[in-house]
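# predicted model and sequence follow; I will ask about them next.
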Amino acid sequence: MSVIPNLMQTRAQAWLNKADLRPTRQRLALAALLVGDGENRHVTAESLYAAAVDAGEKVSLATVYNTLRAFCGAGLMHEITVDGSRSYFDTRMDNHPHFFWEDENRISDAPAEELELARVPKAPEGAQVTRVDVVIRVRRT
């Protein structure tokens, strides 16, 4: 049985409505865990799956992956790839850099106002730059 409060479910429903996504039971549950408290989240599919199980939701890891990809495709989240095998999903949609904490395998927001990019290369002919992801690797000393 789900333990997700009604307010979180209401916020999740509104979030899905912004993108005209059909509110399936799984999408509502995962959206509530992502945005139900009004805060931005950085998650992996595995961490969201664990949170869903802890909340009493019956959902598979494959469903979590598919749902996160659907949320990204609908413009509700961004996927941040740290290396070829590790992806994080971010509910904060403005352009901003991230710190990747190598010793903790997590990301956090970095202060965008401190980042200066002098120039971005021109896109190849017939293409356009849609976003630039900046991941700054850090380790505690």
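Nice, I can see it.

# show me what contacts Trp76?
That one is not Trp; residue 76 is Leu. Trp15, Leu16, Lys18, Ala19, Leu21, Thr91, Met93 (Cβ atoms under 8 Å, 6 or more residues apart in numbering). C-beta: built from backbone N, CA, C; applies to glycine.

# what segments of the protein are strands?
Assigned by DSSP state E, the chain shows strands spanning 42-43, 78-83, 86-90, 98-101, 106-109, 135-138.

# residues contacting the third one, please?
By Cβ under 8 Å, 6+ apart, the surrounding residues in contact with strand 86-90 are 40-45, 48, 68, 71-72, 77-82, 98, 105-107.

# in helices, which of the contacts of Leu76 appear?
The helices, defined by DSSP state H, take in Trp15, Leu16, Lys18 from these.

# kindly write the PyMOL command that selects the buried subset of these.
Filtering those down to the buried ones (16 or more other Cβ atoms under 10 Å) takes a single PyMOL command:
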select buried, resi 15+16
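
# distance of the residue of the chain most remote from its centre from Val132?
Within the chain, Glu125 marks the point farthest from the mean C-alpha position, 30.3 Å out by Cα atoms, centre = their mean. Here the criterion is Cβ to Cβ, to the nearest Å. By it, Glu125 lies 19 Å from Val132.

# mean confidence for stretch 109-123?
Stretch 109-123 shows a mean pLDDT of 92 in the predicted model.

# all set now, cheers.
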